[in-house]
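**Student:** sequence? don't have it. structure:
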Ligand SMILES: CC(C)(COP(=O)(O)OP(=O)(O)OC[C@H]1O[C@@H](n2cnc3c(N)ncnc32)[C@H](O)[C@@H]1OP(=O)(O)O)[C@@H](O)C(=O)NCCC(=O)NCCS
């Protein structure tokens, strides 16, 4: 089980890990929308306060579900190599999906690296595209998950 805690943080706190994990050969670590008021960023920290995982969620139309009511994009998911497999990524994902649901979102989508597709599948995402290349980064697939409406009551 993961021993990390997850909190909302300013965009700037995610850039170091974005750079180290997602852009190790260089490239922008700040992206359009990072500072939009609706965008939120999460950091996973070890008990000593070290940031070992980051992710961003922003309200953005879904390329594969143009009629979705309130779609959000997940971007910049990264955990430090040393903590992988210990639940930090899942903690970020679960926390983010819960926060999107609270904000009224009904769907989360992402351009998933093919190498990470299994991680998202374990959390309930589905692959909805053929593989496509992102220049300089590698093969990706489109993935999404439908979220229950916030406050929806269960039928008995
Ligand atoms: C993908 C990534 C965020 C996963 O983070 P993590 O901290 O290792 O994830 P967790 O330990 O919480 O794993 C949750 C579950 O997913 C599984 N999992 C993790 N990475 C996986 C992968 N690449 N493929 C398949 N399953 C994976 C774990 O085994 C675990 O399974 P369990 O539910 O049986 O315990 C991390 O490997 C990473 O930063 N990779 C490099 C950057 C990257 O590819 N980011 C995604 C860009 S789209």
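**Tutor:** That came in fine, so what should we check first? Being a predicted model, the structure only gives us computed values, none of them experimental.

**Student:** Where does the prediction get shaky in this structure?
**Tutor:** Scanning the chain for pLDDT under 70 picks out 1, 150-156.

**Student:** Which residues of it lie near the ligand?
**Tutor:** Within reach of the ligand by CB under 6 Å from any ligand atom, the chain has these residues: 21-22, 77-79, 83-90, 112-113, 115-116, 118-119, 122. C-betas here are computed from N, CA, C, even on glycine.

**Student:** Is it possible to mark the buried ones in those residues?
**Tutor:** The neighbour-count test (16 or more other CB atoms under 10 Å) applied to those identifies 21-22, 77-79, 83, 86-90, 112-113, 116, 119 as buried.

**Student:** Take the residues of the chain next to the ligand and keep only those in helices.
**Tutor:** Residues of those located in helices (DSSP state H): 88, 89, 90, 118, 119, 122.

**Student:** Farthest pair within the residues you listed?
**Tutor:** Taking CB to CB as the measure, those span a maximum distance of 16.0 Å, between 88 and 118.

**Student:** From the buried ones among the residues of the chain next to the ligand, pick the one nearest residue 37.
**Tutor:** Using CB to CB, residue 77 comes nearest to residue 37 of these, at 21.5 Å.

**Student:** As a check, name the ranges of all helices in the chain.
**Tutor:** Applying DSSP H to the chain gives helices spanning 15-17, 88-102, 117-122.
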